[in-house]
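Asks: Pasted the sequence and its predicted model underneath.
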Amino acid sequence: MATKRFMTLPRHILEGEKLHPGATGELSAILNQLGLAAKVISLEVNKAGLVDILGFTGETNYSGDQVKKLDIFAHEMLVKAMDHGGHFCVMASEEEEDIIHLPPHHKIGKYVLLFDPLDGSSNIDANVSIGTIFSIYRRVSEGNGPGTLEDCLQPGYKQVAAGYVVYGSSTVLVYTAGHGVFGFTLDPSFGEFLLSHDNIKIPKRGRIYSINEGNYNSWDRGLKNYIKYLQANKFEGKPYQARYIGSMVADIHRTLLYGGIFMYPGDARNPKGKLRLMYECNPMAFIVESAGGRATDGKKRILEIQPTALHQRTPIFIGSEEDVLLVEKFMREAELSNIEK
Ligand code: P6P
């Protein structure tokens, strides 16, 4: 690998390609194009307070979330940036109910792109970090024609690459192609993503737990027992810390770098929780596992869930391996004691 100084995203991807003879260079082109889209979205996000693209469009998307103008901008930007490179046979966006076919005269490729264009958008007006999440699969449907829903409903372990962009105090793009996790920080002075987090490894255990405690009363008993255990104990001689930003990309980015656990459980009201399997949980699970962490629905690896619907939700417990294993233990023991009663 060349010297790390001024290791730009395109150079890093190219270097990574040399390490994997099978690489066709197509994945590199896709990741570079996603980096370009991220720069444009970052510009809009960072000036959102100055121009009239804050606030709601007055519409709601199919899942009932109120839609912010930046959501739409990010969605349209990603579709425009990715639909003409000849890399994809089909796309799907968290902002669109159905799969997205390429324009008729465009070359059809062998990859599939799923993305959440602007996750955490309820935080936009408060200038809280938000993010873009993407997930790339190979097509599985026969032929060279337009891709199908089957191409989009693959289990997460079939991802060939995944990543996110967090638009915060700086804009950071984190991606994995299954051989390590790498973070790049955008230098706005010359518009390049520079390698800033080389080969990220999540700590085996951490001191931070991240969950919306406003839902405490609807949690399972095992989860309540786990949280009480954390609050009554220490990690490396210091009390546990609760941190919850309410923007998954930001909460996961912190968990990846500092260790600990992020949880969005199911509960009595919403057994499948809130977060989407295909657009949020699978890409984040691929990244965190590639960094040495763990991601489950409380029992099963997120990446092994066989999807049945494009926008299905799943509970998620993700982060440092020992922390996720411990919450699973608390929930399993509570379940067993319920059965024994
Ligand atoms: P709650 C943002 O709206 C989001 O989709 C994720 O980014 C975030 O983790 C979650 O919802 C927050 O949900 O119910 O805690 O506000």
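Replies: On my side now, so go ahead.
Asks: only C-alpha atoms for contact and neighbour calcs from this point on.
Replies: Will do.
Asks: need the residues of the protein near the ligand, please.
Replies: Contact residues, the chain versus the ligand (Cα under 6 Å from any ligand atom): 119-120, 122, 212, 246-248.
Asks: least trustworthy position among those, going by pLDDT?
Replies: Lowest pLDDT within the residues of the chain next to the ligand is found at residue 122 (79).
Asks: mind listing the helices for the chain?
Replies: Taking DSSP state H, the helices of the chain run over residues 9-19, 26-46, 69-82, 149-152, 221-232, 248-258, 282-290, 321-340.
Asks: Could you work out the most separated pair of the residues of the chain next to the ligand?
Replies: Maximum pairwise distance among the residues of the chain next to the ligand (Cα to Cα): 16.4 Å, between 119 and 212.
Asks: Which one's more surrounded, these two?
Replies: For the pair residue 119 and residue 212, the greater number of neighbours falls to residue 119 (25 against 15), based on other Cα atoms under 10 Å.
Asks: How far away from the center of its chain is stretch 276-293?
Replies: Here stretch 276-293 is found 6 Å from its chain centre; the criterion is Cα atoms, centre = their mean, to the nearest Å.
Asks: Of all the residues in the stretch 51-200 of the chain, which one is nearest the ligand?
Replies: Going by Cα to the nearest ligand atom, the ligand is nearest to residue 120 of the stretch 51-200 of the chain, at 3.5 Å.
Asks: Number of residues surrounding that residue?
Replies: Neighbours of residue 120 (other Cα under 10 Å): 20.
Asks: gap between it and residue 99?
Replies: Distance, residue 120 to residue 99, using Cα to Cα, to the nearest Å: 22 Å.
Asks: okay, now the domains of this structure?
Replies: As given by automatic domain parsing, the domain ranges for the chain are 4-197, 208-340.
Asks: among the ones you listed, which gets the worst mean confidence?
Replies: domain 4-197 (a mean of 89).
Asks: list the contacts for the residue of the stretch 51-200 of the chain closest to the ligand?
Replies: Residues near residue 120 by Cα atoms under 8 Å, 6 or more residues apart in numbering: 129-131, 246-249.
Asks: roughly how far apart are it and residue 61?
Replies: For residue 120 relative to residue 61 (Cα to Cα), the value is 14 Å.
Asks: Check residue 9 too.
Replies: From residue 9 to residue 61 the distance is 33 Å (Cα to Cα).
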